[in-house]
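[1] Okay, here's the prediction I keep looking at, along with the sequence it came from:
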Amino acid sequence: MKIGSIGYNHSHDRSFVMDRPAGPGAWLFLLVKSTALFELDGVRQNVAANSCVLISPNTPCMYTALDDNYTDDWFYFSEEVGDMDHFAKLGLPINQIVHLGAVEELSQIMHILTYEHYSADAFHEEIEQRYLDILFMKIGRLIADKKHLCTRAFAKKNDSFTHIRSRIYTQPDLVGSVDELAAEAGMSRSGFQHMYKKMFGVSVIADVITSRVERAKRLLTSTTLTVDEIAARCGYSGSYTFIRQFKQRCGKTPTAYRKGL
């Protein structure tokens with residue numbers, strides 16, 4: 001790739017709007033250092049500070065300040081053979097805004113790139129190319145690190161959900177409310193319920209009822225405990241809800257099930 005023009009730490013007030021309905025005309029890299037409003041290929045989104053994006057030449061784009069100012073580092077560049085394969089190898093998405101977090105080091109590289117691009121010093125083109133490679137490798141590393149952290153977080157969450165489901169089926173009498181289970185997983189009630197069903201294909205409430213009814217069936221056929229006692233051992237606070245849910249699942253009352261009717 002070859003840089004055409006470049007800018008470092010350009011800042012604009014809230015009236016700033018860059019609108020390219022036919023696309024930027026060349027490849028455009030933006031290191032967005034303030035909150036901003038972007039529209040890429042017709043999709044509008046708020047962008048957090050410390051994000052970046054690679055915009056292809058013909059992708060309609062618009063960006064502007066979201067708060068009091070808009071600040072970025074940027075450069076236009078022409079594509080050369082192998083560039084797209086290189087981006088793919090580094091895991092750099094095209095026309096997709098990526099939040100990077102800390103970008104001070106990247107911005108320092110952009111500062112050096114800007115100096116070398118407009119410099120007449122010896123080897124400035126070679127130095128510019130080396131720093132350009134470093135910039136994209138650093139971004140690729142940041143993206144990979146974020147994905148790794150997300151994978152680790154998901155694995156930890158998966159272990160938590162697996163433990164909760166195991167407890168639901170082995171100790172239904174000790175399982176708390178959905179709110180308590182969500183708190184145990186460190187999630188909101190709605191988020192927990194959505195994730196549970198996504199992971200196991202069944203709602204957490206349905207799983208709790210299934211585990212309680214299955215235990216009740218075993219106790220009804222293997223013990224002489226009363227219906228009230230079985231309800232308590234299955235996690236019910238009273239026999240009314242137990243009898244109702246049991247009949248809904250089994251088609252008969254606990255007493256009829258025990259008698260084999």
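    Looks like it arrived, so ask away.

[2] And the helices in the stretch 101-250 of the chain, which stretches?
    104-117, 124-170, 178-185, 189-200, 204-222, 227-233, 239-250 (DSSP state H, counting those that start in this stretch).

[3] And these, which one averages the lowest pLDDT?
    Note on those: helix 124-170 shows the lowest mean pLDDT, a mean of 84.

[4] and it, what other elements does it pack with?
    helix 83-90, helix 104-117, helix 178-185, helix 189-200, helix 204-222 (3 or more CB pairs under 8 Å, 6 or more residues apart in numbering; DSSP states H and E). C-beta coordinates here come from the backbone N, C-alpha and C atoms, glycine included.

[5] for the helices of the stretch 101-250 of the chain, which one sits closest to Met84?
    helix 124-170 (12.2 Å; CB to CB).

[6] Report how many residues lie close to Ser11.
    12 (other CB atoms under 10 Å).

[7] Report the next helix or strand after the helix or strand containing Arg44 in sequence order.
    Assigned by DSSP states H and E, Arg44 falls within strand 43-47. Using DSSP H and E, the next helix or strand after strand 43-47 towards the C-terminus is strand 51-55.

[8] Centre of the chain to the very next helix or strand once past that following strand, how far?
    Toward the C-terminus, strand 51-55 is succeeded by strand 61-65 as the next helix or strand (DSSP H and E). Here strand 61-65 is found 24 Å from its chain centre; the criterion is CA atoms, centre = their mean, to the nearest Å.

[9] who touches strand 61-65?
    Contact partners of strand 61-65, identified using CB atoms under 8 Å, 6 or more residues apart in numbering, comprise 12-21, 23-24, 28, 30, 32, 34-41, 47, 55, 70.

[10] What's the ChimeraX line that selects buried ones from these?
    Buried residues within those, by 16 or more other CB atoms under 10 Å, are selected in ChimeraX with:
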select :18,20,23,24,28,30,32,34,35,36,37,38,40,47,55,70
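
[11] so the nearest residue to His10 once chain neighbours are set aside is in which element?
    Among residues not flanking His10 along the chain, Asp72 sits closest, at 6.0 Å (CB to CB, 6 or more residues apart in numbering). If you go by DSSP H and E, Asp72 is part of strand 69-78.

[12] Parallel or antiparallel, which strands does that strand pair with?
    Its sheet considered, strand 69-78 pairs with strand 2-13 (antiparallel), strand 27-32 (antiparallel) by DSSP bridges.

[13] so who does the closest residue to Phe136 other than its chain neighbours touch?
    Among residues not flanking Phe136 along the chain, Leu90 sits closest, at 5.8 Å (CB to CB, 6+ apart). For Leu90, the contact set (CB under 8 Å, 6+ apart) comprises 136-137, 139-140, 143.

[14] hmm, try it at 10 Å
    Taking CB atoms under 10 Å, 6 or more residues apart in numbering, we find Leu90 in contact with 133, 136-141, 143-144.

[15] now do Ser11
    Applying CB under 10 Å, 6+ apart, the residues near Ser11 are 33-34, 65, 69-72.

[16] Would you point out the most distant pair within those?
    Farthest pair in the contacts of Ser11, by CB to CB: Lys33 and Ala65, 11.6 Å.

[17] Show me which of the two is the more surrounded one.
    Using other CB under 10 Å, the more surrounded residue of Lys33 and Ala65 is Lys33, with 23 against 19.

[18] you'd agree the more buried one is up against His12?
    No. Assessed by CB atoms under 10 Å, Lys33 is found out of contact with His12, at 11.6 Å.

[19] joint contacts of those two?
    69-72.

[20] Now for Lys33 and Ala65: what residues contact both?
    Residues touching both Lys33 and Ala65 (CB under 10 Å, 6+ apart): 11, 71.

[21] circling back to that earlier point, dump the helices of the stretch 101-250 of the chain to JSON lines, plus distance to Ile97 and mean neighbour count.
    Shown next, in JSON lines, are those (distance: least, CB to CB, whole Å; neighbours: other CB atoms under 10 Å):
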{"stretch": "helix 104-117", "distance to Ile97": "15", "mean neighbour count": "18"}
{"stretch": "helix 124-170", "distance to Ile97": "12", "mean neighbour count": "14"}
{"stretch": "helix 178-185", "distance to Ile97": "30", "mean neighbour count": "16"}
{"stretch": "helix 189-200", "distance to Ile97": "24", "mean neighbour count": "15"}
{"stretch": "helix 204-222", "distance to Ile97": "34", "mean neighbour count": "18"}
{"stretch": "helix 227-233", "distance to Ile97": "54", "mean neighbour count": "18"}
{"stretch": "helix 239-250", "distance to Ile97": "48", "mean neighbour count": "16"}
